[in-house]
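Novice: Pasting the sequence and the predicted coordinates here, then a few questions.
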Amino acid sequence: MAAPSFVVKLSDLEHGPKKVTFEIPEDWLARAIAEADASTRGKPGELTVELSKNGKDVLVRGRASVEVTVPCVVTLDPLPFDLRPEILLVLEPRADGDGRDKKRKKPKPSPIGTSPDKSPKKRGKKARLDDEAELSEEDAARDTFAGDEIVLDDFLREFILLEIPPYPRRSDLPSAEESLSSRPLDGPADESKPVDPRLLPLQGILKRLRGED
């Protein structure tokens with residue numbers, strides 16, 4: 001396993017927030033975006049973050065900047081994208097012996113303050129959605145760290161992958177709706193072609209209805 005590339009020591013935060021800037025190596029970026037069928041554009045990226053302690057938790061805020069290409073879903077031509085994912089994390093120390101990672105799952109709404117017959121489960125779907133809507137951005141970004149270092153590699157990779165468009169399409173291609181609207185509709189048969197004799201009576205009726213001689 002390769003050594004992590006983006007690491008900040010916990011001891012560096014004891015005297016206040018610490019702002020750091022990392023270069024994102026091209027080979028690291030290539031490995032990170034390979035599963036999205038994306039590729040680099042021949043230059044490194046950049047990660048700038050500020051880390052600060054809030055009790056035992058560590059708040060990470062910042063932004064990354066990388067340039068990638070992703071194949072068009074129609075033509076497979078490489079399309080360039082400049083990705084600028086925002087980084088937001090609230091990391092808490094992982095309990096000793098707990099090898100599981102929270103992976104930024106939203107915490108469940110707390111039933112504290114509700115009566116026994118009005119628990120979140122019994123208040124219905126709308127009430128649960130309202131509870132989730134009240135979760136702060138930091139709650140949604142919660143995760144854990146282990147030891148005396150903050151390793152950002154996995155988090156950075158995830159933020160970059162989330163910024164890659166899932167269905168990139170060349171801008172000069174017609175949309176699906178335009179393709180359908182430009183398709184010729186079935187029109188009347190070409191009258192220059194010979195008509196089946198069995199259809200002549202019907203053709204005569206059609207002409208009379210149209211007021212033709």
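Specialist: Thanks, I have the structure now.
Novice: which SS state does residue 207 fall under?
Specialist: Following DSSP: H, G, I helix; E, B strand; the rest coil, residue 207 is assigned to helix.
Novice: can you count the residues close to it?
Specialist: Residue 207 has 11 neighbours, counted by other CB atoms under 10 Å. From N, CA and C alone the C-beta is placed, and that goes for glycine too.
Novice: now residue 58
Specialist: With other CB under 10 Å as criterion, residue 58 counts 19.
Novice: show me what contacts the nearest residue to residue 30 once chain neighbours are set aside?
Specialist: Nearest residue to residue 30 in three dimensions, chain neighbours excluded: residue 40, at 5.2 Å (CB to CB, 6 or more residues apart in numbering). Listed by CB atoms under 8 Å, 6 or more residues apart in numbering, the contact partners of residue 40 are 26, 29-30, 33, 66-69.
Novice: so what strands line up beside the one helix or strand residue 47 maps to?
Specialist: Per DSSP states H and E: residue 47 is located in strand 45-54. Applying DSSP bridges to the sheet, strand 45-54 is found paired with strand 18-24 (antiparallel), strand 57-71 (antiparallel).
Novice: Generate JSON lines for those strands, with distance to residue 206 and mean pLDDT as supplementary columns.
Specialist: Shown next, in JSON lines, are those (distance: least, CB to CB, whole Å; pLDDT from 0 to 100):
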{"stretch": "strand 18-24", "distance to residue 206": "71", "mean pLDDT": "97"}
{"stretch": "strand 57-71", "distance to residue 206": "52", "mean pLDDT": "97"}
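Novice: Any idea which of the ones you listed gets closest to residue 49?
Specialist: The minimum distance between residue 49 and these falls on strand 57-71, with 3.1 Å, by CB to CB.
Novice: List the buried residues in that closest one.
Specialist: Across strand 57-71, burial judged by 16 or more other CB atoms under 10 Å covers 57-62, 64, 66-70.
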